[in-house]
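In: Give me a model of this one.
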Amino acid sequence: DALRIGLLSYSVSGASVNLDVERIVGYRFFCNKLWNAVRYGLFHSLGEAYVPPSSVIQPQDLEHYPVPAQWILSRLDKAIADVHKGLESYDFALAVTAVYNF
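Out: The predicted structure is shown next:
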């Protein structure tokens, strides 16, 4: 996974890529942190019987959430928009960077 993310993060298309091993190692650490966070959230915090709600958060309901949660959701919304834009335009570096920065 780290190699795939590393290769997608290069924005040069059609040219030779000078593969930086340190960059791949950095993405390996990122993938490991992401996996550990998801595993912790699913198995330790939420429990194995957790079923996500079928409804989504509506914009008019955001005022009922604490300010930090509103800020996180706004950053998530920006990241989703950037990933969508990057994938539509085949700019995979933009999509990877949005996920990494979130």
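
In: Next, count neighbours for G86.
Out: Using other Cβ atoms under 10 Å, G86 has 19 neighbouring residues. Using the backbone N, CA and C atoms, a C-beta is placed for each residue, glycine as well.

In: cool, the one 10 residues further on as well?
Out: Residues lying near V96 (other Cβ under 10 Å) number 22.

In: Only the buried residues of the helix or strand hosting it, if you could.
Out: Assigned by DSSP states H and E, V96 belongs to helix 92-101. Neighbour counts over helix 92-101 (16 or more other Cβ atoms under 10 Å) mark F92, L94, A95, V96, T97, A98, V99 as buried.

In: now Y50: how far from L8?
Out: To L8, Y50 is 31 Å away according to Cβ to Cβ, to the nearest Å.

In: More neighbours: these two, which one.
Out: L8 (16 against 10).

In: Thought L8 was touching R23, still the case?
Out: No: judged on Cβ atoms under 8 Å, R23 makes no contact with L8 at a distance of 11.5 Å.

In: just to revisit the earlier point, what is the nearest of the buried residues of helix 92-101 to W71?
Out: Within these, the smallest distance to W71 is 16.7 Å, found for A98 (Cβ to Cβ).

In: Now stretch 69-89: buried residues?
Out: A79, D82, V83, G86.

In: tell me which element the last one is part of?
Out: Same thing as G86. helix 67-88.

In: what residue ranges in the protein are flagged as low confidence?
Out: Filtered on pLDDT under 70, the chain yields the residue ranges 11-15.

In: how about a cut-off of 90?
Out: 1-27, 30-31, 34-35, 37-67, 69-70, 73-74, 90-94, 96-97, 99-101 (pLDDT under 90).

In: Once you drop chain neighbours, what's closest to N101?
Out: Spatial nearest neighbour of N101, chain neighbours left out: A79 (7.2 Å); criterion: Cβ to Cβ, 6 or more residues apart in numbering.

In: how much space between that neighbour and N36?
Out: Remark: distance between A79 and N36 (Cβ to Cβ) = 20 Å.
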